[in-house]
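[1] heads up, no residue letters with this:
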């Protein structure tokens with residue numbers, strides 16, 4: 001019974017599996033047929049790609065790998081030493097002779113290299129375009145006179161087919177001649193002057209041809225005026241002349257006994273005089289500008305430099321005296337405003353003691369005492385009393401301004417300080433104290449901020465309306481009216 005039941009179960013399972021497989025195959029075939037009808041292009045593309053892949057794989061398998069025709073592992077035997085050629089041995093003898101400055105041996109070795117270069121069998125070893133010029137340069141380097149070495153470099157530069165690196169070095173050596181460099185710098189000045197003159201003549205003529213010859217006289221006159229003004233602005237001793245002076249001085253330091261030395265010394269002395277004259281004029285001009293701008297210390301420095309170049313300059317000496325007088329006056333005023341000692345009895349006016357005691361009294365406010373002094377200065381029939389009160393007006397106004405500031409009336413306090421600062425500083429020290437408070441950015445930051453804003457707006461306004469002339473006239477050596485008229 002058990003065996004028959006087991007056989008039945010196995011048969012049923014086999015039948016069920018077969019039915020499921022048949023159903024799946026039928027369904028897959030149906031779906032594949034449906035997809036083929038819907039997407040024929042995709043099916044054909046897949047078949048084509050598969051065919052190409054099969055062909056490539058079969059072609060690759062048909063060609064076997066190549067067998068290497070040489071050994072994969074090389075031997076570890078080191079190569080033999082390189083044997084020097086005949087040209088190498090001759091070059092070695094030339095180098096040894098150069099180290100001891102044996103010119104006879106060097107000439108002999110160079111001649112041997114030149115003979116070998118003429119031999120077709122040895123020409124490849126000599127390499128005449130490299131070895132012979134380098135050997136000749138080595139011989140030239142043993143010369144003691146730098147001028148002779150530069151002359152030798154010039155002769156060697158005439159050789160055709162030089163190595164570019166050697167040619168560049170020889171060119172630098174040939175051009176490193178102090179006198180040649182001095183002439184080059186002097187020629188630069190004349191070239192610049194010639195270019196300026198040509199532009200000044202060609203520019204108005206070109207404009208006249210384009211716009212008509214009616215305005216030609218005006219264009220030519222304007223260009224000539226600008227040309228003369230620019231010549232007046234040019235340095236009498238420009239930078240190129242200074243460089244030439246340095247090169248000539250370097251030549252005299254190297255070759256004091258050269259045949260050209262006397263002539264070069266005259267040129268150096270003349271250039272030194274021209275440089276001193278130009279520097280004296282420039283520093284005098286800067287000193288005058290510094291005095292106009294209220295900088296006596298800078299003016300004194302510039303004037304003293306002018307005296308260094310020309311100790312006998314009366315104008316520079318006068319500028320030094322004027323600058324020192326202004327500096328002394330500033331120092332005296334500063335000491336007067338900062339001194340802590342009491343003034344002499346003759347300076348203290350009547351009523352000053354009472355005013356000081358009133359300010360120090362514990363039951364009296366400073367503002368009350370200050371207002372009383374100001375009231376006495378405005379009213380009073382006695383001239384002596386009015387005069388004494390006016391002498392204390394500065395102190396009273398300052399004390400009242402400080403009292404107003406401490407009580408919260410800052411606007412009224414600053415207005416009173418501004419009014420006090422406008423008074424005569426020789427009658428009292430209070431106007432200077434008030435001015436110091438007003439202009440101090442730490443004590444009056446709002447005023448400093450407004451002043452900075454005004455300067456910025458003023459600068460922008462100048463640039464908007466004046467353009468390049470916002471910083472002043474173009475030609476500083478001329479009067480401003482004449483300079484603006486030319487522009």
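    That came through fine. Quick caveat: nothing in here was measured; it's all calculated off a predicted structure. Numbering: from 1, shown residues only.

[2] and the strand or helix carrying residue 180, which residues are buried?
    Assigned by DSSP states H and E, residue 180 falls within helix 178-211. Residues 178-179, 181-182, 185-186, 188-189, 200, 203-204, 207-208 are the ones in helix 178-211 that count as buried (16 or more other Cβ atoms under 10 Å). C-beta coordinates here come from the backbone N, C-alpha and C atoms, glycine included.

[3] and for stretch 419-432?
    Under the neighbour-count criterion of 16+ other Cβ under 10 Å, stretch 419-432 has 420-421, 425, 428-432 buried.

[4] pLDDT, secondary structure and distance to residue 457 added to the residues you listed, as CSV?
    Below are the buried residues of stretch 419-432 laid out as CSV (pLDDT from 0 to 100; DSSP: H, G, I helix; E, B strand; the rest coil; distance: Cβ to Cβ, whole Å):
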residue, pLDDT, secondary structure, distance to residue 457
420, 82, helix, 28
421, 83, helix, 24
425, 72, coil, 30
428, 69, coil, 35
429, 71, coil, 35
430, 78, helix, 33
431, 82, helix, 29
432, 80, helix, 29
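
[5] residue 159 versus the closest residue to residue 284 other than its chain neighbours, what's the distance?
    Leaving aside its chain neighbours, residue 284 sits nearest to residue 306 (4.9 Å; criterion: Cβ to Cβ, 6 or more residues apart in numbering). Noted for residue 306: a distance of 55 Å to residue 159, by Cβ to Cβ, to the nearest Å.

[6] repeat for residue 408
    94 Å.

[7] for residue 285, same thing?
    Counting by Cβ to Cβ - residue 285 and residue 159 are separated by 55 Å.

[8] same thing with residue 112?
    In terms of Cβ to Cβ, residue 112 sits 19 Å off from residue 159.

[9] comparing the two, which residue is more hemmed in?
    Taking other Cβ atoms under 10 Å, residue 112 and residue 159 do not tie; residue 112 has more neighbours (18 against 14).

[10] got the phi and psi for residue 144?
    Main-chain dihedrals, residue 144, degrees, to the nearest 10: phi -80, psi -30.

[11] related to what we said a few turns ago, out of the buried residues of helix 178-211, which is nearest to residue 334?
    Ranked by distance to residue 334 (Cβ to Cβ), the buried residues of helix 178-211 are led by residue 189 at 48.2 Å.

[12] so who does that closest one touch?
    238, 240-241 (Cβ atoms under 8 Å, 6 or more residues apart in numbering).

[13] derive a PyMOL selection command for the buried subset of these.
    Restricted to buried positions by 16+ other Cβ under 10 Å, the PyMOL selection for the contacts of residue 189 reads:
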select buried, resi 240+241
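
[14] turn the contacts of residue 189 into JSON lines, columns for secondary structure.
    What follows is the contacts of residue 189, written out as JSON lines (DSSP: H, G, I helix; E, B strand; the rest coil):
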{"residue": "238", "secondary structure": "coil"}
{"residue": "240", "secondary structure": "helix"}
{"residue": "241", "secondary structure": "helix"}
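
[15] export the contacts of residue 189 to a markdown table and tack on pLDDT and distance to residue 439?
    What follows is those, written out as a markdown table (pLDDT from 0 to 100; distance: Cβ to Cβ, whole Å):
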| residue | pLDDT | distance to residue 439 |
| --- | --- | --- |
| 238 | 87 | 42 |
| 240 | 90 | 46 |
| 241 | 90 | 46 |
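
[16] of the contacts of residue 189, closest to residue 297?
    Closest to residue 297, out of all of these and judged by Cβ to Cβ, is residue 238, at 29.4 Å.

[17] which non-adjacent residue is nearest the closest one?
    Using Cβ to Cβ, 6+ apart, the closest residue to residue 238 is residue 189 (6.0 Å).

[18] now residue 319
    residue 303 (3.9 Å).

[19] need the contact list for that neighbour.
    Counting by Cβ under 8 Å, 6+ apart, the residues that residue 303 touches are 283-284, 287, 316-317, 319-320, 323.

[20] switch to 7 Å and redo it
    287, 316, 319-320, 323 (Cβ atoms under 7 Å, 6 or more residues apart in numbering).

[21] quick check: mean pLDDT across the helix or strand where residue 134 lies?
    Element membership for residue 134 (DSSP H and E) is helix 131-141. The average pLDDT within helix 131-141 is 86.

[22] what about residue 117, how many residues close to it?
    18.

[23] host element of it?
    Per DSSP H and E, residue 117 falls inside helix 103-118.

[24] any buried residues in that helix, and which?
    By 16+ other Cβ under 10 Å, the buried positions in helix 103-118 come out as 106, 109-110, 112-113, 116-117.

[25] got the angle for it vs helix 131-141?
    With axes from the mean of the first three to the mean of the last three Cα atoms, to 10 degrees defining the directions, helix 103-118 sits at 170 degrees from helix 131-141.

[26] list the helices and strands helix 103-118 packs on?
    Where contact means 3 or more Cβ pairs under 7 Å, 6 or more residues apart in numbering; DSSP states H and E, helix 103-118 is packed against helix 86-99, helix 123-126, helix 131-141.

[27] quick one: it to helix 86-99, angle?
    On the basis of the same axes, to 10 degrees, helix 103-118 is oriented at 160 degrees to helix 86-99.

[28] what is the mean pLDDT for helix 103-118?
    Mean pLDDT, helix 103-118: 85.

[29] in stretch 474-487, what counts as buried?
    So, applying 16+ other Cβ under 10 Å, buried residues of stretch 474-487: 474-475, 478, 483.

[30] farthest-separated two in those residues?
    Every pair of the buried residues of stretch 474-487 checked by Cβ to Cβ; the farthest is 474 and 478, at 8.9 Å.

[31] can I get the helices and strands packed on helix 103-118 in a markdown table with distance to residue 294 and mean neighbour count?
    Converted to a markdown table, the helices and strands packed on helix 103-118 look like this (distance: least, Cβ to Cβ, whole Å; neighbours: other Cβ atoms under 10 Å):
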| stretch | distance to residue 294 | mean neighbour count |
| --- | --- | --- |
| helix 86-99 | 69 | 16 |
| helix 123-126 | 79 | 16 |
| helix 131-141 | 62 | 18 |
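
[32] and of those helices, who's closest to residue 292?
    helix 131-141 (60.1 Å).

[33] can you list contacts of stretch 158-169?
    If you take Cβ under 7 Å, 6+ apart as the criterion, stretch 158-169 is touched by 129-130, 133-134, 137, 157.

[34] which residues touch the residue nearest to residue 422 when sequence neighbours are not counted?
    Leaving aside its chain neighbours, residue 422 sits nearest to residue 431 (7.5 Å; criterion: Cβ to Cβ, 6+ apart). By Cβ under 7 Å, 6+ apart, the contact list for residue 431 reads 394, 420-421, 423, 425.

[35] where in this protein is pLDDT low?
    1-81, 122-126, 128-129, 336-393, 427-428, 487 (pLDDT under 70).

[36] would you map the strands across it?
    Secondary structure of the chain (DSSP state E): no strands present.

[37] now residue 295: phi and psi?
    In terms of degrees, to the nearest 10, the main-chain angles of residue 295 are phi -120, psi 80.

[38] does residue 117 touch residue 132 like I think?
    Yes - if you go by Cβ atoms under 7 Å, residue 117 and residue 132 touch, sitting 6.4 Å apart.

[39] quick check: buried residues in stretch 285-305?
    Here stretch 285-305 shows 286-288, 290-291, 295-296, 298-305 as buried, counting by 16+ other Cβ under 10 Å.

[40] endpoint to endpoint, that stretch covers what distance?
    End-to-end distance for stretch 285-305, by Cα to Cα, to the nearest Å: 12 Å.

[41] do you know how far the closest residue in space to residue 230 that isn't next to it in sequence is from residue 239?
    Using Cβ to Cβ, 6+ apart and skipping residues adjacent in sequence, the residue nearest residue 230 is residue 196, 6.8 Å away. As judged by Cβ to Cβ, residue 196 and residue 239 stand 16 Å apart.
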